[in-house]
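*Asks:* sequence and computational prediction follow.
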Amino acid sequence: MSKQPRQNLIRMIGPGLLVAATGVGAGDLATGALTGSRLGTAVLWAVLVGAGLKFVLTEGLARWQLATGTTFLEGTSGYFGRLAHGVFLFYLLCWSYFVGAALMSACGVCAHAIFPLTDPVTDKRIYGLGHSALAVGLVLAGGYRLFEKVMTVCIVGMFITVVLATCLMQPDWSAVGRGLVIPSIPSADGSGLEWTIALLGGVGGTLTILCYGYWIREEGRGDVRELRSCRIDLAVGYIMTAIFGVAMVILGSRLGQGTGKGATLVVNLADELQNSLGSSGLFARWAFLIGAWGAIFSSLLGVWQSVPYLFADYRNQSKRRATLPAIERPTLTVDVTGFDYRAYLFAIATVPAVGLWMDFSQAQKLYAIVGALFIPMLAFALLVLNGRESLIGQRHRNSWYTTGMLIVTLAMSLLAGWFAIRNKFGG
């Protein structure tokens, strides 16, 4: 394939790949592996359903933006008013802090496993800060185009290596096939439903879904005729996300529960992979670790690059609220060289680093509540905004199928949120 067609292909599916790369982090890897260790491959169907539900959410965001000419954040602020505007800022700040700290820590743990310098705790801090600084440098040095290229390399690398490690395990492919097409929820000490729901909700990202609108704007997609391109690249992105999730469930089902959580569990899985494969185990361990590192770093880089869009967009709206309602005025492109974008970029790259030295177990309870609310709030907003012909037009309003999927997403995410909050409070 010549260079030009390859570049055109990347530009076509680029935003979808960014959604996949940013949405898969250490928590997603661990959720898939832990669910597989408890329930086996019988719940692989849940990965496909979860990816499908996230596709519906993200497609709804793109449809709103292309049909109305405004970002979804502008739409919710204009329609739901100041309360939604303020709630979003609160959520954004909480999410940025806890996810930023978790991603730096996960990068540090994974990098230590690949190339240890000192002890694990010190390395976690050194590598965590180093990865954060590297991400800032990449965002500032090359803008969106360099970011897109680096993320494409990361996701292709993590996809190949993790799938390769899974194939080396030689799973029971007939059981895998049954798990993909026959929905079932095995009993696991009464927690089978809880783990299945967690797997459903753990596929793909949360807040970063909103950033898809800014990425397609970077690609020059501003007309509703580009919706087909968005559906294609989102399909590619979520298919890759689903395959990655399936691979992690299969690995978990073969390697056992393991110990630890997040990136620590990922490293333990790599060690168990080496022990279980004999002569090819060392190669499989390194392949898996490199793939896991690619998944975690691409998630960190994606958050560093995209979440400042949301803050800058929020600030743009705050400055203009005294004029027309947000949904009636033309959208201003977010200025990535402006103060608001860069200030938030530096803030998310530094403030959460405190978490590398401190334990915030109590504060995590607050984040569990806030985090559990995002997907149901997003599904509800899409039901309302994209369901009103007066806002989005008759042609682009939700179909009966999309409405049904959003209702399912709302119900599943509320149930997942309830389980997450209950576990955090020890209920």
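*Replies:* Received, thanks.
*Asks:* low-confidence ranges in the stretch 201-350 of the chain?
*Replies:* 255-263, 320-333 (pLDDT under 70).
*Asks:* helices of that one, residue ranges please.
*Replies:* Taking DSSP state H, counting those that start in this stretch as the test, the helices found in the stretch 201-350 of the chain are 212-218, 227-255, 262-277, 281-320, 339-350.
*Asks:* could you dump those helices to JSON lines with mean neighbour count and distance to residue 193?
*Replies:* Where you see a C-beta, it was placed from the backbone N, CA and C, and this is true even at glycine. Below are the helices of the stretch 201-350 of the chain laid out as JSON lines (neighbours: other CB atoms under 10 Å; distance: least, CB to CB, whole Å):
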{"stretch": "helix 212-218", "mean neighbour count": "24", "distance to residue 193": "30"}
{"stretch": "helix 227-255", "mean neighbour count": "22", "distance to residue 193": "16"}
{"stretch": "helix 262-277", "mean neighbour count": "21", "distance to residue 193": "22"}
{"stretch": "helix 281-320", "mean neighbour count": "23", "distance to residue 193": "27"}
{"stretch": "helix 339-350", "mean neighbour count": "18", "distance to residue 193": "35"}
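*Asks:* residue 166 against residue 251, yeah?
*Replies:* Yes. Between residue 166 and residue 251 there is a contact at 5.7 Å, judged by CB atoms under 8 Å.
*Asks:* hang on, the earlier thing: between the helices of the stretch 201-350 of the chain, which gets nearest to residue 80?
*Replies:* Set against residue 80 and scored by CB to CB, those come closest in helix 281-320, at 12.3 Å.
*Asks:* so how far is the helix or strand that residue 58 is a member of off the chain centroid?
*Replies:* Using DSSP states H and E, residue 58 maps to helix 44-68. Chain-centre distance of helix 44-68: 12 Å, with CA atoms, centre = their mean, to the nearest Å.
*Asks:* quick check: buried residues in it?
*Replies:* Neighbour counts over helix 44-68 (16 or more other CB atoms under 10 Å) mark 44-68 as buried.
*Asks:* mind giving me the packing neighbours of that helix?
*Replies:* helix 72-80, helix 173-181, helix 192-202, helix 212-218, helix 227-255, helix 361-385, helix 389-392, helix 400-424 (3 or more CB pairs under 8 Å, 6 or more residues apart in numbering; DSSP states H and E).
*Asks:* of all the ones you listed, which one is nearest residue 111?
*Replies:* Closest of the helices and strands packed on helix 44-68 to residue 111 is helix 227-255, at 19.7 Å (criterion: CB to CB).
*Asks:* compute the inter-axis angle for that closest one and helix 44-68.
*Replies:* Calculated by axes from the mean of the first three to the mean of the last three CA atoms, to 10 degrees, helix 227-255 forms an angle of 160 degrees with helix 44-68.
*Asks:* and helix 227-255 with helix 192-202, angle?
*Replies:* 140 degrees.
*Asks:* hang on, the earlier thing: specify the angle between the helix holding residue 58 and helix 72-80 in degrees.
*Replies:* Using the same axes, to 10 degrees: helix 44-68 against helix 72-80 is 70 degrees.
*Asks:* verify the contact between residue 136 and residue 304 for me.
*Replies:* Yes. Judged on CB under 8 Å, residue 136 makes contact with residue 304 at a distance of 6.4 Å.
*Asks:* where do the contact lists of the two overlap?
*Replies:* Here residue 136 and residue 304 have 345, 349 as joint contacts, going by CB atoms under 8 Å, 6 or more residues apart in numbering.
*Asks:* if we can go back for a sec, in JSON lines: the helices and strands packed on helix 44-68, plus distance to residue 122.
*Replies:* As requested, the helices and strands packed on helix 44-68 are exported to JSON lines (distance: least, CB to CB, whole Å):
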{"stretch": "helix 72-80", "distance to residue 122": "40"}
{"stretch": "helix 173-181", "distance to residue 122": "40"}
{"stretch": "helix 192-202", "distance to residue 122": "30"}
{"stretch": "helix 212-218", "distance to residue 122": "36"}
{"stretch": "helix 227-255", "distance to residue 122": "28"}
{"stretch": "helix 361-385", "distance to residue 122": "22"}
{"stretch": "helix 389-392", "distance to residue 122": "53"}
{"stretch": "helix 400-424", "distance to residue 122": "29"}
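*Asks:* just give me the longest helix of the chain.
*Replies:* For the chain, the longest helix by residue count, based on DSSP state H, is helix 120-168.
*Asks:* check which helix or strand covers residue 94.
*Replies:* helix 82-114.
*Asks:* follow-up on the earlier one: mind checking the helices and strands packed on helix 44-68 for the one nearest to residue 336?
*Replies:* Minimum separation from residue 336 across the helices and strands packed on helix 44-68 (CB to CB) falls at helix 212-218, 8.8 Å.
*Asks:* summarise which helices and strands the closest one is packed against.
*Replies:* helix 3-23, helix 44-68, helix 281-320.
*Asks:* that older thread, which other helices and strands contact the longest helix of the chain?
*Replies:* So helix 120-168, by 3+ CB pairs under 8 Å, 6+ apart, packs with helix 3-23, helix 82-114, helix 227-255, helix 281-320, helix 339-350.
*Asks:* would you turn these into a markdown table with distance to residue 153?
*Replies:* Formatted as a markdown table, those follow (distance: least, CB to CB, whole Å):
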| stretch | distance to residue 153 |
| --- | --- |
| helix 3-23 | 10 |
| helix 82-114 | 16 |
| helix 227-255 | 14 |
| helix 281-320 | 8 |
| helix 339-350 | 21 |
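*Asks:* among those helices, which comes closest to residue 412?
*Replies:* helix 227-255 (15.5 Å).
*Asks:* against which helices or strands is that closest one packed?
*Replies:* Judged by 3+ CB pairs under 8 Å, 6+ apart, the packing partners of helix 227-255 are helix 3-23, helix 26-39, helix 44-68, helix 120-168, helix 173-181, helix 192-202, helix 262-277.
*Asks:* that one: how far from the chain's middle?
*Replies:* Chain-centre distance of helix 227-255: 12 Å, with CA atoms, centre = their mean.
*Asks:* check stretch 117-125 too.
*Replies:* 27 Å.
*Asks:* got the buried residues for that stretch?
*Replies:* Along stretch 117-125, these residues count as buried under the neighbour rule (16+ other CB under 10 Å): 123-125.
*Asks:* closest to residue 269 out of the helices and strands packed on helix 44-68?
*Replies:* For the helices and strands packed on helix 44-68, the distance to residue 269 is smallest for helix 227-255, at 5.7 Å, taking CB to CB.
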